[in-house]
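Asker: My questions concern the predicted model and sequence given below.
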Amino acid sequence: ALFWSPEFEYSTYSIRELTHEADKLREWMDTVPPPPQLEEGAAPPSEIEAGLNAARKQVEAQLAAMAPAAGEAQPAATQASGTAEKKAEEVPHVEAQVDQAVYDKLIGEGKSERVARAQAKAAYVRAERKRIRAERAGE
């Protein structure tokens with residue numbers, strides 16, 4: 001009961017029935033709506049800010065450790081940007097749609113509607129990207 005959910009499926013008269021394994025709790029988390037946006041100009045929670053700062057410092061330390069000598073910095077940067085451009089070209093953009101067969105299968109297995117819809121969209125995108133890559137390879 002750490003998050004609000006519009007579903008009441010866990011109401012019970014016995015506290016022992018409220019203990020669940022991680023898999024059951026993960027299913028329940030699918031019903032939890034995302035948190036509301038912060039008001040404009042509001043400071044982020046201190047825990048989040050501390051985590052972001054720690055992550056930034058870690059990334060900066062990793063980049064500093066990987067940085068080549070000053071004379072070699074420019075070619076490495078050029079090479080990295082070329083690699084990023086190539087990766088962007090390799091992954092075709094696909095507008096997500098629901099793969100109805102996958103959706104129906106997951107609903108039949110007892111998945112929540114939200115999980116089934118998300119997984120069906122992911123399956124559609126993977127299939128479309130595979131099809132587009134096959135077409136490009138055939139050209």
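Answerer: Perfect, I can see it now. In this text the structure is predicted, and so the values were computed from the model without any measurement. Residues are numbered from 1 along each chain as shown.
Asker: By mean pLDDT, flag the weakest helix or strand of the chain.
Answerer: helix 73-90 (a mean of 54; mean pLDDT, DSSP states H and E).
Asker: Output the contacting helices and strands for whichever helix or strand comes after that one.
Answerer: For helix 73-90, the following helix or strand on the C-terminal side (DSSP states H and E) is helix 100-108. For helix 100-108, the elements it packs on are helix 113-138, judged by 3 or more C-beta pairs under 8 Å, 6 or more residues apart in numbering; DSSP states H and E. No exception for glycine: its C-beta is placed from N, CA and C like everyone else's.
Asker: elements contacting the helix it packs on?
Answerer: Judged by 3+ C-beta pairs under 8 Å, 6+ apart, the packing partners of helix 113-138 are helix 100-108.
Asker: Give the rounded mean pLDDT of the helix it packs on.
Answerer: Helix 100-108 carries an average pLDDT of 92.
Asker: Same question for that helix: list its buried residues.
Answerer: Going by neighbour count (16 or more other C-beta atoms under 10 Å), the buried part of helix 100-108 is V102, Y103, L106.
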